[in-house]
Each structure stands twice: as C-alpha cells, then as structure tokens.
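[1] Provided below are the primary sequence and the corresponding predicted coordinates.
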Amino acid sequence: MKSIYENEMKLEFLSKSNNEAFARIAVAAFASQLDPTLEELADIKTAVSEAVTNCIIHGYEDMEGIVKIESRIYDNTIEIEISDSGKGIEDIKTAREPLYTSKPNLERSGMGFTIMESFMDEMKVESILGMGTKVTMKKAIKKYEKSKEEECMYV
Amino acid sequence: MNSKYIAEDKLLLLEINEELDHHTTETIRRKADFEIEKYMPKKTIFDFNGVTFMDSAGIGMLLGRYKIAKMLGGSVEMINVKPSIKKVFDMCGIPKIIKIS
Ligand SMILES: Nc1ncnc2c1ncn2[C@@H]1O[C@H](COP(=O)(O)OP(=O)(O)OP(=O)(O)O)[C@@H](O)[C@H]1O
Ligand SMILES: [Mg+2]
C-alpha cells in the first residue's frame, strides 16, 4: 500500500527514563530530512522530550508500559504523535494551563504542555481516563532562504 | 557534574556536563543538594557550558536548588547558557528569578 505521506515512521519503547534521550534524538534524526535549522531541531527535541517524559511519569507513574511515537512528513511539515496506554487525564483544559502540575512534590514545574505548545505550531491532547493519552504536534519547517540567493545567481 | 568550592569567596561552582531531562536531573539534584548543604555557600553558580539540551525537568531542578540555596542564606546564578537553553528559560520566566550572566 502506498502511503499518502512523503515519509512515515513508528517507534515503540519501554517507559524507562533513559529512553527520553533516545526518543528525542530519533525524532530529530527523522526530522532532519526537512533540512531544519538548529533552532527548529532544538524545538522539536524539547517538545518530544516533554511529551515522552509525561507518558513515563504521569501516564505510567513509573510503572512499566509502552510509549508509542508515530511521525509523518508532508508539505514541509512534521507531525508527531506521542501516546501511552496509562492512566489518562481527567481535565485536559486544566492540565494544559501553565504552571499546573499534579506532582508539585516531585519538583515538576508544570511547564511541559506550555513548552510543547509554544515550540511547535500546533498541539492537540486527547485522553481517556484509564485508557491513555495521545499528544499530536505539528511544525512546519521553513524552506531555507538559500533558494532566494540561488535564484539571484541565475538572473 | 563537577563541583568546586572557593572558601574565601564562599562560592560554590557546579559545572553541569549532561543533557538536563527527567532521567539525568535526579542524580544532579542529589549531588547539588549535598554540596549546597555541606558548604552553605553565599553564592552558587551553575555553569551551563556543557549543557546542550534542557527541558522542563531542568527548570524544576534549578528552581528546587534555588529554594534550598536561598533558605540557607545564599543566592544562585547561571553562566554560559547556550541560546537554545536560554529560550526554555525565557519561556518559563526564569530570568526574573535566577540571574543569568
Ligand atoms: N501522558 C499523561 N498521562 C496522564 N497525565 C498527564 C500526561 N501528560 C500530562 N499529564 C497531566 O498534565 C499535567 C501537566 O503536564 P505538564 O507537562 O504541563 O507539567 P508537569 O509534567 O506536571 O511538569 P513539568 O513538565 O514541568 O515537569 C501533569 O502534571 C499531569 O497531571
Ligand atoms: Mg511534563
């Protein structure tokens, strides 16, 4: 079957904290085919790290489970879906508010969702209590300015 | 993380050389608290020269150390912060609380 996307990938891994670095590096490597700037790449890595960490500490509360990542590329855009089958979020609106955390005793700052939202172009959160949570993020990678310079050389 | 204490200035220098996420902050938190409680420095400086990545776990870790250092009568500063990490600090309003120089 031919994919409707230019490229696609899927990853599944155990909810271990040392997979946080693995996940963000893997997604950054996949995103690099869009020729992102270093800043865009750093934004993607940070957003992925936030979502994966949330699956591990909130979704599974440090018990073992599977974290899934699906990523797709189309129209110079990367779409990243990060999900767990953990405890779910009761009130998504409150959870998304800056500084809100259900674990203040663990020195969480409550800025994860705010960072994902501002570092990516779009962020959607879907969750069912007792079933799990899925975060979908999108970021358009701007076409490198060099095309303009190259055009000038042709004139 | 490497640490250095300069007794005559009551200055504690904490050099972080890892990516700061939920996985790595646990160890750094323990080591930093140990040093801060041992020396009760007047100033604690986190050197970010070796930090190439940080997410909100780093923010939580730093705010926690800031509270402890302050409670023990000291202040906290950060140096050599790379632009990609400064962006996360700015987003979280950290420069209003902890000095970045
Ligand atoms: N995958 C998830 N499963 C269950 N609950 C979640 C999940 N992701 C987020 N939450 C809930 O949403 C809240 C806000 O998440 P956010 O990432 O913004 O902050 P935090 O993780 O608590 O702190 P920080 O990310 O700054 O360390 C969490 O405290 C948690 O209650
Ligand atoms: Mg979080």
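    All right, it came through fine. Ligands and ions are numbered 1, 2, ... in the order given.
[2] centre-most residue in chain B?
    B:Phe46 (4.0 Å; Cα atoms, centre = their mean).
[3] in chain B, where is pLDDT below threshold?
    Scanning chain B for pLDDT under 70 picks out nothing.
[4] show me what residue of chain B gets nearest to ligand 1.
    B:Ser56 (3.3 Å; Cβ to the nearest ligand atom). C-beta here means a position set from N, CA and C on the backbone, and glycine is covered the same way.
[5] next, A:Ile141: phi, psi?
    With angles defined as degrees, to the nearest 10, A:Ile141 sits at phi -100, psi 120.
[6] how many residues are close by it?
    Using other Cβ atoms under 10 Å in any protein chain shown, A:Ile141 is surrounded by 20 other residues.
[7] just A:Glu39 next, same as before
    Neighbours of A:Glu39 (other Cβ under 10 Å): 12.
[8] got the residue ranges for the helices in chain B?
    B:22-39, B:56-71, B:83-91 (DSSP state H).
[9] columns mean neighbour count on top of those helices, output as JSON lines?
    Output for the helices of chain B, formatted as JSON lines (neighbours: other Cβ atoms under 10 Å in any protein chain shown):
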{"stretch": "helix B:22-39", "mean neighbour count": "17"}
{"stretch": "helix B:56-71", "mean neighbour count": "21"}
{"stretch": "helix B:83-91", "mean neighbour count": "17"}
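[10] dump the ones you listed to a markdown table, plus distance to A:Asp62.
    What follows is the helices of chain B, written out as a markdown table (distance: least, Cβ to Cβ, whole Å):
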| stretch | distance to A:Asp62 |
| --- | --- |
| helix B:22-39 | 10 |
| helix B:56-71 | 14 |
| helix B:83-91 | 24 |
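[11] got CSV for those helices, with distance to ligand 2 too?
    As requested, these are exported to CSV (distance: least, Cβ to the ion, whole Å):
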stretch, distance to ligand 2
helix B:22-39, 8
helix B:56-71, 6
helix B:83-91, 13
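[12] so which of those helices gets nearest A:Asn76?
    helix B:83-91 (21.5 Å; Cβ to Cβ).
[13] returning to that earlier point: surely the residue nearest to the centre of chain B and B:Ile16 touch.
    Yes: using Cβ atoms under 8 Å, B:Phe46 is in contact with B:Ile16, at 6.3 Å.
[14] say whether chain B is contacted by the helix or strand A:Ala31 falls within.
    Mapping A:Ala31 onto the secondary structure by DSSP states H and E places it in helix A:19-31. Yes: interface with chain B: helix A:19-31 contributes A:Glu20, A:Ala21, A:Arg24 (Cβ under 8 Å from any Cβ of the partner chain).
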